[in-house]
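[1] Show me how the following folds:
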Amino acid sequence: MRTPFLSSPSFKSIKYLVLLALPLLLAGCGTSAYMPNVPNVPMFTQKGELSAGGHVTPKGNITFNTAYAVSDHFAVLLNGSMLSSERRKRDMRHNLLEAAGGYFTTFGPENNRILEIYGGFGGGSSERTEKEEDKETGEMTYERHDANFSKYFVQVNFTSKRKRSLRLLNREFPLNYGTALRASYLNMHDYTLNNVPGETEDNIFLEPIFYTRLTLNPAVQLQYTTGTTIGLKNRDVLTAAYSVFSAGFVINVGGLQKAR
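    Reported below is the predicted structural model:
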């Protein structure tokens with residue numbers, strides 16, 4: 001049986017956007033002192049709503065997002081991410097914490113579209129150790145990069161809650177989808193290479209992402225996220241080497257349950 005949503009123009013648009021993003025995702029194969037977190041998209045509709053979510057990328061970067069609607073149009077956000085990875089050629093540790101606040105509103109024929117605009121700041125740290133083994137002697141050499149940085153960002157979210165669904169196992173699972181456009185300014189205030197002070201850098205990153213949420217029940221949704229990172233400055237350490245590709249969940253309580 002053919003699922004109407006899978007053949008709809010909206011689903012086709014999302015599919016094409018994902019396909020366009022994949023080459024950019026595959027291009028992010030370098031290393032950087034900055035690893036982007038999954039943007040917070042609480043999809044608020046009214047005062048008193050609470051949102052919490054967790055996401056993980058294939059590289060093991062874990063993002064935690066929380067948000068609360070203080071009024072019918074103003075919300076506060078708190079986000080964090082962490083990575084700890086030890087591999088044969090590279091060890092990595094990355095931590096990031098950020099806070100934000102901003103405006104949200106609903107619009108459309110049935111108020112089933114959501115626009116959110118947030119601005120925030122934060123900071124983080126990065127540790128990366130490159131390991132190389134001499135094939136003749138078996139001796140290991142190490143190159144250690146340590147950096148601390150501050151972050152400032154603005155973010156615009158657009159989400160559609162139009163009544164689309166995916167039918168699986170004789171059940172209908174509503175789908176929400178949208179995009180988040182984030183611009184971030186990062187400034188390193190401390191950097192060392194093998195414990196020797198090095199030159200600090202800054203950069204401006206454009207971070208567009210696309211997401212789809214599958215509703216399991218009125219409060220819990222699964223989220224698939226894909227996106228990229230574009231650096232506006234040519235840098236050696238603070239580069240756009242990583243993209244956002246993650247799977248996770250989001251919990252929303254309160255608000256217009258009938259629209260979820």
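[2] Roughly how far does Asn187 sit from Ile204?
    Taking Cβ to Cβ, to the nearest Å as the measure, Asn187 falls 10 Å from Ile204. Placement of C-beta: from N, CA and C, glycine included.
[3] do Gly254 as well
    36 Å.
[4] same check, this time on Phe44
    Phe44 is 28 Å from Ile204, by Cβ to Cβ.
[5] give the contact list for Ser107.
    Wrong residue type there; residue 107 is Phe, not Ser. Going by Cβ atoms under 8 Å, 6 or more residues apart in numbering, Phe107 touches 113, 115.
[6] beta partners for it?
    Arg113 (DSSP bridges).
[7] Quick one: the helices in the stretch 151-260 of the chain, in order.
    Counting by DSSP state H, counting those that start in this stretch, the stretch 151-260 of the chain yields no residue ranges for helices.
[8] Distance across stretch 78-97, terminal residue to terminal residue?
    End-to-end distance of stretch 78-97: 8 Å, with Cα to Cα, to the nearest Å as the criterion.
[9] which residues are contacting that stretch?
    31, 35, 37-38, 40, 59-67, 98-100, 122-132, 151.
[10] Could I have the buried ones of those residues as PyMOL selection syntax?
    Applying 16 or more other Cβ atoms under 10 Å to the contacts of stretch 78-97, the buried members can be selected in PyMOL as follows:
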select buried, resi 31+35+37+38+40+61+62+63+64+65+66+67+98+100+122+124+126+127+128+129+151
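[11] Just the ones in helices from the contacts of stretch 78-97, please.
    Among the contacts of stretch 78-97, DSSP state H puts none in helices.
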